[in-house]
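all I have is the shape, not the residue letters:
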């Protein structure tokens, strides 16, 4: 065995489950190895790059790929695919060979919800000759780090749909003054880490709304299965319920985009819910496989400083978001549904990742009081088994405030950095919810995971406007820059939300809305027509 050195950022705590046995040393595993590369363009760069430019100017160089491939080959590992564009290698080998290469100390753990999975604890190591060339190794540990940002499954009353209170796409488009057009010629990508896509529900939804059925491509990333309803119904009870719960959200994403931008094509990426799944899914979006997208909707996440994230994974995901931004793709990410504590109970305020990345458009949530948007907050300000929830939002403790985000909001955490503030924008997440269909039945739903595809659909409409199309760029920095009126584009292109807060019962304090930008609604909810005029001026 060659000399080895620690891999920075790879340390992880023990999984939150008992270790039940060792991994079979002969089991074949596939991992993703990320590589160093030149500094990526700033998020505020005015002109998006082509994929060819991104690979040529900012991709991993051929020498790095060759050196890592050769060194891993000497350890018995096989590089099955390489990408200079995404700075990554797919590597295959037995568990024993991966143990020798990276020293993960793999074991099988048993969790009451996730079941048995492969995990590790501590720090990875790499061959000394590869120090500084490898930035991360993902796929050794399968613990879950992707959670939906949504109200608790099954808590929305069926009577709500029967009463006809949930908003239709036409009502939402009217309420938010969406511009003319249907998104034709644009593609919206959607990230999913569980569940299945049910085409029959989309057909029923479109028939109910009187809109055409868009083209939807369901893509499994690196062999992740794309489950049908029949396959889910054959699973053991616990797995079946988890997949059905996740499927509610998958089909909500698809239907919201379909209802608001019916001319846009959709690519729904299904990936594993571990760190490797995040890295690989974003790699497919960057590569534009099977087609380039104008926006990616991500309604999953976890508190940015939750112990289950490794620092290397946060960096790898953020780097890929930065690459997407350089290509002009706006990655819309839900800010979370558990208020100021974001599901942690350590007495500190938290924000969600990857929404907290400075390379994402973070989307918060509102609810309606009459015809007015106010901050989404339902008692107790976080999700419980019987309901509740509140928009995520606040100040990052991980990511410094980017230069383009010129706002003055202090963290609730004493001594914290001047971090990235989220959300950037907001849209309906709470009552009266969205009019949707699941397994043939009306099932209204919401959460910031509904507000997020709404914004992705709006971006498709802006880019596909038949009158004055907006040339797509990463949207977040544009909202903070002065437009032709001299005011920030977010101020002229959004309707200000000035009432409400996101205090969770766990933390008992939170952030508050007020005039102008704030840490619970950002610049506010969209005024689509005004936003198009502002961005395309």
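Cool, got the structure. This one's a predicted model, so the numbers in the text were calculated from it and none came from an experiment. Residues are numbered from 1 along each chain as shown.

isn't residue 71 up against residue 128?
No - distance between residue 71 and residue 128: 9.8 Å, which falls outside the contact criterion (C-beta atoms under 8 Å). Where you see a C-beta, it was placed from the backbone N, CA and C, and this is true even at glycine.

who's more crowded, the two?
residue 71 (19 against 11; other C-beta atoms under 10 Å).

which pLDDT value belongs to the more buried one?
Here the pLDDT value assigned to residue 71 is 97.

other SSEs contacting the helix or strand it falls within?
Assessed by DSSP states H and E, residue 71 sits inside helix 62-74. Helix 62-74 is packed against strand 28-35, strand 78-83, strand 88-94, with contacts defined by 3 or more C-beta pairs under 8 Å, 6 or more residues apart in numbering; DSSP states H and E.

model confidence over the first one, on average?
Mean pLDDT, strand 28-35: 98.

same question, the last one
Here strand 88-94 scores 98 as its mean pLDDT.

residue numbering should commence at 514 henceforth.
With 514 as the first residue, the last one maps to strand 601-607.

so what touches whichever helix or strand comes after that strand?
Sequence order places helix 608-615 as the next helix or strand after strand 601-607, per DSSP H and E. Under the contact criterion C-beta atoms under 8 Å, 6 or more residues apart in numbering, helix 608-615 has outside partners 514, 520, 536-542, 544, 585, 588-590, 606, 617-619, 637-640, 650, 653.

to residue 848, which of the helices and strands packed on helix 575-587 lies closest?
strand 541-548 (26.2 Å; C-beta to C-beta).

strands paired with the closest one, and their directions?
Partners of strand 541-548 in the sheet, by DSSP bridges, are strand 601-607 (antiparallel), strand 647-651 (antiparallel).

other residues contacting the first one?
With C-beta under 8 Å, 6+ apart as the test, strand 601-607 has contacts from 538-548, 573, 578, 581-582, 585, 588-596, 614, 735, 792, 796.

residue 767 should be in a helix, yeah?
Yes - assessed by DSSP: H, G, I helix; E, B strand; the rest coil, residue 767 belongs to a helix.

distance of it from residue 689?
Per C-beta to C-beta, to the nearest Å, residue 767 is found 19 Å from residue 689.

so those two - more neighbours on which side?
residue 767 (27 against 22).

doesn't residue 779 make contact with the more buried one?
Yes - between residue 767 and residue 779 a contact is recorded at 6.2 Å, counting by C-beta under 8 Å.

mind listing the shared neighbours of these two?
703, 729.

how about low-confidence regions in this structure?
Filtered on pLDDT under 70, the chain yields the residue ranges 514-515, 662-677.

quick one on the thing from earlier: adding distance to residue 746 and mean neighbour count, write the helices and strands packed on helix 575-587 out as CSV.
Output for the helices and strands packed on helix 575-587, formatted as CSV (distance: least, C-beta to C-beta, whole Å; neighbours: other C-beta atoms under 10 Å):
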stretch, distance to residue 746, mean neighbour count
strand 541-548, 29, 20
strand 591-596, 34, 15
strand 601-607, 32, 21
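
out of those, which comes closest to residue 934?
Here strand 541-548 is closest among those (C-beta to C-beta), at 27.9 Å.

before we move on, back to that, out of the helices and strands packed on helix 575-587, the one nearest residue 714 is which?
Nearest of the helices and strands packed on helix 575-587 (C-beta to C-beta): strand 541-548, 32.3 Å.

check which element follows the closest one along the chain.
Next along from strand 541-548, by DSSP H and E: helix 564-571.

strands of the stretch 664-813 of the chain, start to end?
With DSSP state E, counting those that start in this stretch as the criterion, the stretch 664-813 of the chain has strands at 700-705, 729-733, 778-783, 808-811, 813-816.

again with the stretch 814-963 of the chain
So, for the stretch 814-963 of the chain - with DSSP E, counting those that start in this stretch - the strands run 843-847, 865-866, 874-882, 885-888, 890-891, 902-903, 907-913, 932-935, 938-941, 950-951, 954-955.

buried deepest among those strands, which one?
strand 902-903 (a mean of 33; mean count of other C-beta atoms under 10 Å).

what does that strand contact?
With C-beta under 8 Å, 6+ apart, strand 902-903 has contacts from 664-665, 850-853, 878, 888-891, 894-896, 942-943, 960, 1015-1017, 1023.

before we move on, what about stretch 879-887?
With C-beta under 8 Å, 6+ apart, stretch 879-887 has contacts from 688, 888-891, 904, 939-945, 964, 1008, 1010, 1012-1013, 1026, 1034, 1037-1038.

give me the subset of those residues lying in helices.
688, 964 (DSSP state H).

quick one: buried ones out of the contacts of stretch 879-887?
Buried by 16 or more other C-beta atoms under 10 Å: 688, 888-891, 904, 939-945, 964, 1008, 1010, 1013, 1026, 1034, 1037-1038, out of the contacts of stretch 879-887.

that older thread, among the strands paired with strand 541-548, which is nearest residue 821?
strand 647-651 (13.2 Å).

okay, angle between that closest one and helix 608-615 too, please.
Relative orientation of strand 647-651 and helix 608-615, computed by axes from the mean of the first three to the mean of the last three C-alpha atoms, to 10 degrees: 150 degrees.

ok, and what's touching strand 647-651?
Residues contacting strand 647-651 (C-beta under 8 Å, 6+ apart): 520, 522-523, 544-549, 581, 600, 615, 637, 639, 787-789, 792, 823, 825-826, 828-829.

note down every partner strand of whatever helix or strand comes next after that strand and its orientation.
Sequence order places strand 660-661 as the next helix or strand after strand 647-651, per DSSP H and E. Paired strands of strand 660-661, with direction, are strand 813-816 (antiparallel) (DSSP bridges).

so how far is the partner strand from its chain's centroid?
Distance of strand 813-816 from its chain centroid, counting by C-alpha atoms, centre = their mean, to the nearest Å, is 8 Å.

cool, stretch 678-688 as well?
Distance, stretch centre to chain centre, for stretch 678-688: 24 Å (C-alpha atoms, centre = their mean).
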